[in-house]
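**Student:** Okay, structure incoming, though there's no sequence with it:
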Ligand SMILES: NC(=O)c1ccc[n+]([C@@H]2O[C@H](COP(=O)([O-])OP(=O)(O)OC[C@H]3O[C@@H](n4cnc5c(N)ncnc54)[C@H](OP(=O)(O)O)[C@@H]3O)[C@@H](O)[C@H]2O)c1
């Protein structure tokens with residue numbers, strides 16, 4: 001299947017271009033805003049004021065995709081609440097994506113671990129609509145597979161939500177290749193809504209999505225939304241050369257990732273950037289946006305200036321020579337030979 005063409009391109013460095021999300025009619029900006037920092041303890045976005053500042057700068061910069069989940073925030077649901085208030089009257093100008101299916105500590109009542117069940121999904125959506133202050137969710141994503149519930153039950157429940165106008169499109173996240181294929185064929189056989197997007201861990205430092213998720217997304221026309229696109233900040237360049245900003249996520253909350261980071265590769269990335277006169281941020285965004293099926297890079301941000309930098313960085317596009325050099329530094333994940 002050929003790559004999905006963009007309906008409108010040519011965005012300037014100040015305005016991200018739009019791309020279709022997979023084979024769907026939903027167009028989203030190539031830079032989205034990941035909202036798992038909204039309501040995150042210890043960040044400038046833990047408050048409504050801090051969240052609104054980031055969201056408003058994103059809106060003004062032309063970001064049209066806002067990705068949250070019912071599980072995000074210091075308490076489940078908080079990110080959705082902060083996003084809903086921050087968007088306010090501009091809600092209909094953008095695509096609101098949220099998720100269900102992670103453990104939300106009883107937010108939607110007892111779930112018995114079956115968070116893909118009809119019983120659970122129909123309750124979860126009402127909570128997300130209320131917290132977001134909206135009457136519909138543009139993209140409702142099944143956050144992680146539920147081993148207890150057959151996928152046909154989840155698809156049937158999601159189909160009802162689309163028919164009821166509560167949800168416009170459905171997507172999934174953290175699914176393996178076979179699970180993506182299974183969901184696609186069950187939906188086709190039953191005539192229910194098909195998933196239009198796949199959200200997976202994917203960045204220069206972790207290319208495992210290329211083994212199964214990207215090929216499956218390509219085969220079924222799904223848009224890919226990479227999460228951890230900046231590897232929690234490692235790919236921004238701010239830690240390279242021994243930098244340890246005290247107010248950053250990795251210093252504050254994930255120091256083990258700094259200890260285990262592949263510094264030799266990150267130093268080579270720095271040299272690559274110096275030679276070409278680009279920044280690490282440009283490479284992190286531009287490389288992902290050059291990969292098949294990748295629709296939007298939903299980087300998180302804790303400060304408004306990060307959003308401005310990220311939107312600017314996303315305009316860079318690597319040449320074939322750049323891509324080959326990056327393959328040398330960050331090799332693709334190894335396929336396991338079966339025969
Ligand atoms: N489906 C899933 O299971 C799943 C899992 C994880 C995330 N997600 C989604 O994916 C989104 C992106 O992931 P993420 O936000 O966790 O990770 P990320 O995009 O890899 O890293 C974002 C962090 O990098 C730092 N940063 C961002 N822009 C920067 C800039 N211009 N300069 C310097 N630092 C910058 C910020 O942290 P500091 O300022 O604190 O350093 C920011 O919080 C999430 O918001 C969420 O919507 C989905």
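**Tutor:** Great, that's in hand. What you see is a predicted model, and the numbers here were worked out from it, not measured in a lab. Numbering: from 1, shown residues only.

**Student:** When you work out contacts or count neighbours from here on, use the C-alpha atoms and nothing else.
**Tutor:** Fine.

**Student:** Next one: residue 102 relative to residue 153, how far apart?
**Tutor:** Using C-alpha to C-alpha, to the nearest Å, we find residue 102 at a distance of 17 Å from residue 153.

**Student:** If you count surrounding residues, which of those two has more?
**Tutor:** Ranked by neighbour count (other C-alpha atoms under 10 Å), residue 102 and residue 153 place residue 102 first, with 19 against 14.

**Student:** Just the pLDDT for that one.
**Tutor:** Residue 102 carries a pLDDT value of 98.

**Student:** same question, the one 5 residues further on
**Tutor:** The predicted local distance difference test score for residue 107 is 96.

**Student:** and if you look at residue 241?
**Tutor:** Looking at residue 241, the pLDDT reads 88.

**Student:** Where does it sit: helix, strand or coil?
**Tutor:** The assignment at residue 241 comes out as helix when based on DSSP: H, G, I helix; E, B strand; the rest coil.

**Student:** Excluding sequence neighbours, find me the nearest residue to it.
**Tutor:** Distance criterion C-alpha to C-alpha, 6 or more residues apart in numbering; nearest residue to residue 241, sequence neighbours excluded, is residue 267 at 7.6 Å.

**Student:** thinking the one you found is in contact with residue 238, fair?
**Tutor:** No - Residue 267 is beyond contact range of residue 238, at 11.7 Å (criterion: C-alpha atoms under 8 Å).

**Student:** sorry, back to before: burial count for the residue nearest to residue 241?
**Tutor:** Neighbourhood size, residue 267 [other C-alpha under 10 Å]: 15.

**Student:** Could you do residue 32 as well?
**Tutor:** Using other C-alpha under 10 Å, the number of residues around residue 32 comes to 26.

**Student:** Run through the residues that contact it.
**Tutor:** The contact partners of residue 32, by C-alpha atoms under 8 Å, 6 or more residues apart in numbering, come to 63-67, 296-299.

**Student:** Kindly report the same for residue 290.
**Tutor:** 317-318.

**Student:** again, only this time at 6 Å
**Tutor:** By C-alpha atoms under 6 Å, 6 or more residues apart in numbering, no residues touch residue 290.

**Student:** what does residue 89 give?
**Tutor:** With C-alpha under 6 Å, 6+ apart as the criterion, no residue contacts residue 89.

**Student:** Was I right to think residue 199 contacts residue 225?
**Tutor:** Yes - counting by C-alpha atoms under 6 Å, residue 199 touches residue 225, with 4.7 Å between them.

**Student:** Compare neighbour counts for the two and give me the winner.
**Tutor:** Higher neighbour count among residue 199 and residue 225: residue 225, with 29 against 24, using other C-alpha under 10 Å.

**Student:** Just confirm the more buried one is within a strand.
**Tutor:** Yes - looking at residue 225 with three-state DSSP, it is inside a strand.

**Student:** that older thread, could you look up the SS state of the residue nearest to residue 241?
**Tutor:** Once three-state DSSP is applied, residue 267 turns out helix.

**Student:** Relative to the ligand, how far out is it?
**Tutor:** Remark: distance between residue 267 and the ligand (C-alpha to the nearest ligand atom, to the nearest Å) = 17 Å.

**Student:** Please identify the residues of this structure in proximity to the ligand?
**Tutor:** For the chain, the residues in contact with the ligand (C-alpha under 6 Å from any ligand atom) are 34-36, 67-68, 143, 173, 199, 227-233, 236, 248-249, 298-302, 306, 309-310.

**Student:** make it 5 Å
**Tutor:** 34-36, 67-68, 227-233, 248-249, 299-302, 306 (C-alpha under 5 Å from any ligand atom).

**Student:** ok so, going back, got a pLDDT number for the residue nearest to residue 241?
**Tutor:** We have a pLDDT of 97 for residue 267.

**Student:** about what we covered before: dump the contacts of residue 32 to CSV, plus neighbour count, pLDDT and secondary structure.
**Tutor:** Shown next, in CSV, are the contacts of residue 32 (neighbours: other C-alpha atoms under 10 Å; pLDDT from 0 to 100; DSSP: H, G, I helix; E, B strand; the rest coil):
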residue, neighbour count, pLDDT, secondary structure
63, 27, 98, coil
64, 24, 98, coil
65, 26, 98, strand
66, 26, 98, strand
67, 25, 98, strand
296, 29, 98, coil
297, 30, 98, strand
298, 27, 98, coil
299, 27, 96, coil
